[in-house]
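>>> I would like to see how this sequence folds:
(chains A, B, C and D)
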Amino acid sequence: MQLNVLLFASYAEAFGGSRMDIALADDATVADLLEELQAMARARGLPPAAVAVNQEYAAATRRLAPGDEVAIIPPVAGG
Amino acid sequence: MQLNVLLFASYAEAFGGSRMDIALADDATVADLLEELQAMARARGLPPAAVAVNQEYAAATRRLAPGDEVAIIPPVAGG
Amino acid sequence: MSRVAVVERPLDVAALVAEVSSPTDGAIATFVGVVRDSNAGRPVTGIDYSAYGPMATRELEAIVAEAAAAFGGVRVAVEHRVGTLAVGDASVIIAASHAHRADALGGLGFVIEELKRRVPIWKREHYADGTREWVHAGSSRSAPLSGGVA
Amino acid sequence: MSRVAVVERPLDVAALVAEVSSPTDGAIATFVGVVRDSNAGRPVTGIDYSAYGPMATRELEAIVAEAAAAFGGVRVAVEHRVGTLAVGDASVIIAASHAHRADALGGLGFVIEELKRRVPIWKREHYADGTREWVHAGSSRSAPLSGGVA
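Presented below is the predicted three-dimensional model:
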C-alpha cells in the first residue's frame, strides 16, 4: 500500500514539502507507519510525533486503509 | 461622644438617609457601636453588617475617636 | 501598573485589555460581570448598583496589590460600574495580564472572588412585577474583621 | 451555541464577548493569547502560526463540547489566528459565557489547557538575531493516542 501522508511544521520543513509518499504493507497499522518514519525523523533531529487518521488522533493499533487521510502531527504549540 | 455614621444600601433605606447620629461613651469601641445598632437593625429586618473606620474594615476591639469616618457596611454584593 | 475605578459609565472590555497589555506579556485573562434576566427564578429587569466609593477604591487597590504579590506581579485593571443598569449591561470588568497564562488566570480568579467578598458595593434588583430587593448573597463573609449586627 | 474557527485575520475580543453573551448569563470569562517579545530569555520579533486546519477545527469543536458537558452547558467562542504575527498580536481568543462565574471560569481554563495540549497548531518563532525555530513545548503530551517517532 502506498500512503501519501500530510506533513506539518518541522516535519514539512525537514522533508521538504507538505506531503510525502510512504510504502507500507497492505495490513499496516499506525505503529508500522511510525516505525517507518522513526529512522528518518531521528536522523533529522525531529521531535516525537503522533499520527492522525481522517482528522483524528489514531491509536497505534489502528489499521490503515488506502483511502485514509493520514497526517503526521508534530508536538503542537497552539495558544 | 456623638458619632455621625455613614449608611449604605438597605441600611440607608431603612434609616431614611445616608447618615445617622449615634451617641456613644467616650471610650467606645466598634463592638459598642454594633451593640447600639443591633436592636434597631433587628427591628427593621436588616442583615448583619460590618463597621469600617476611615475606609477600612475595623476589628471589634478598635477604639472609636470623634474625628473617625465611621461607616456601617451591609453585606456586600458587588460584581 | 495596575488601576482600579468605580465609574458611572458603560464599561469597555477591549479598552481594559489594551490597557493591561504589554510586549512582555503573553496572556490576558478577563472577567465581565453582566446583569442577567433572572435571579433565583425571579425575572429581573435591572439592577441599581451603589458603592461606598472611596473605600471601594481602597479595597480594590489592596486586592490588586495582593494579586500581584501572589501571582508573579500580575498587572490588573478593574472597573466597577454603579448606577441603574439594564439586563445585558456589564457591571464589572477585570483584565489581568502576565507573561504566562497561569498567573493571568490565577490573578483574575483571585480578584473577582475578593471583590465579591469584601468591596463595599451593593445591588438592588428590580423585578418584572415592579418590586425591588437588596441582594445580600454574601452576608456573613462581608464582615471579615468585626462582629455582626442583628 | 458555541463556535470555533481558525482564521487569518486579526482577532477582536469585544466581538467574541458580544457573540457569547446572552440575557440569561451573568459571567463572561475570556483569554487572549498574545505574541510576546521574548521566550526563554531570547528576544522574539514575531511568530509564524500554522495549522492542520480541518483537524484543528474538529478538535476545537470537540473541546468546546466537552467544556459544555463538564461546566453546566457553558457557551464558548474560540478563534485562533494563523499566519505571521508580530509582537503584541493576539494569537488566540477564547470567550466563555454562563449564568454563573464558576462555570464561565472553569470552562475557560479547560478550553485553553486542552487547546494547548491537542489542537494541531504549530509555531515558529523569529528571533532578533534573524534565526527561526519551531517551538515544541508540549512534545510528549501531543501524542495522546499513538506512539512517538524518534
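>>> tell me, how many residues neighbour residue A:52?
For residue A:52, the neighbour count with other CB atoms under 10 Å in any protein chain shown is 26. (Each C-beta comes from the backbone N, C-alpha and C, glycine too.)
>>> hey, what's it bridged with?
Taking DSSP bridges as the rule, residue A:52 bridges to residue A:57, residue A:71.
>>> need the contact list for it.
A:58, A:70-71, A:73, D:52, D:55, D:120 (CB atoms under 8 Å, 6 or more residues apart in numbering or on different chains).
>>> for these, which one is nearest residue C:101?
Minimum distance to residue C:101 across those is 19.7 Å, recorded for residue D:120 (CB to CB).
>>> can you tell me the closest non-neighbouring residue to residue 8?
You didn't pick a chain, so chain A it is. Closest residue to residue A:8 apart from its sequence neighbours, by CB to CB, 6 or more residues apart in numbering or on different chains: residue D:52 at 5.6 Å.
>>> wait, chain C
The shortest distance from residue C:8 to any non-neighbouring residue, by CB to CB, 6+ apart, is to residue C:83 (5.0 Å).
>>> the one you found and chain D: what is the separation?
18 Å (CB to the nearest CB, to the nearest Å).
>>> now do residue A:15
Look at residue A:15 and chain D: by CB to the nearest CB, they are 12 Å apart.
>>> can you count the residues close to residue 51?
Just going to use chain A. 26.
>>> wrong one, chain C
Residue C:51: 22 neighbours (other CB under 10 Å).
>>> now do the phi/psi pair for the closest residue to it other than its chain neighbours.
Using CB to CB, 6+ apart and skipping the chain neighbours, the partner closest in space to residue C:51 is residue C:121 (4.5 Å). Backbone torsions for residue C:121, taken as degrees, to the nearest 10, come to phi -130, psi 140.
>>> ok, stretch C:17-27 near chain D or not?
Yes: on the criterion CB under 8 Å from any CB of the partner chain, stretch C:17-27 is in touch with chain D at C:17, C:21, C:23-27.
>>> pull the CA atoms of that stretch into CSV?
Output of stretch C:17-27 as CSV, limited to C-alpha atoms (Å, rounded to 0.1, in the frame of the first residue of the first chain):
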residue,chain,number,x,y,z
VAL,C,17,-7.4,44.6,27.6
ALA,C,18,-5.5,47.2,25.7
GLU,C,19,-4.6,49.0,29.0
VAL,C,20,-3.1,46.0,30.7
SER,C,21,-1.3,44.5,27.6
SER,C,22,2.4,44.8,27.3
PRO,C,23,5.1,43.4,24.9
THR,C,24,6.4,41.2,27.7
ASP,C,25,3.1,39.5,28.4
GLY,C,26,1.7,36.5,26.6
ALA,C,27,-1.6,36.1,28.4
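>>> now it: how far from the chain's centre is it?
Distance of stretch C:17-27 from the chain centroid (CA atoms, centre = their mean, to the nearest Å) equals 20 Å.
>>> buried set for it?
Buried residues in stretch C:17-27, defined by neighbour count with 16 or more other CB atoms under 10 Å in any protein chain shown: C:17, C:19-22, C:25-27.
>>> anything in that stretch near chain A?
No: figure legend: stretch C:17-27 not in contact with chain A (CB under 8 Å from any CB); closest approach 8.8 Å.
>>> quick one: is the longest helix seen in chain A near chain D?
The helix that spans the most residues within chain A, counting by DSSP state H, is helix A:30-43. Yes: judged by CB under 8 Å from any CB, helix A:30-43 comes into contact with chain D through A:30-31, A:34, A:37-38, A:41-42.
>>> can you flag the buried ones in these?
Counted by 16+ other CB under 10 Å, the residues of helix A:30-43 next to chain D give A:30-31, A:34, A:37-38, A:41 as buried.
>>> could you report the neighbour count for the nearest residue to residue C:25 once chain neighbours are set aside?
Spatial nearest neighbour of residue C:25, chain neighbours left out: residue C:97 (4.6 Å); criterion: CB to CB, 6+ apart. Neighbourhood size, residue C:97 [other CB under 10 Å]: 29.
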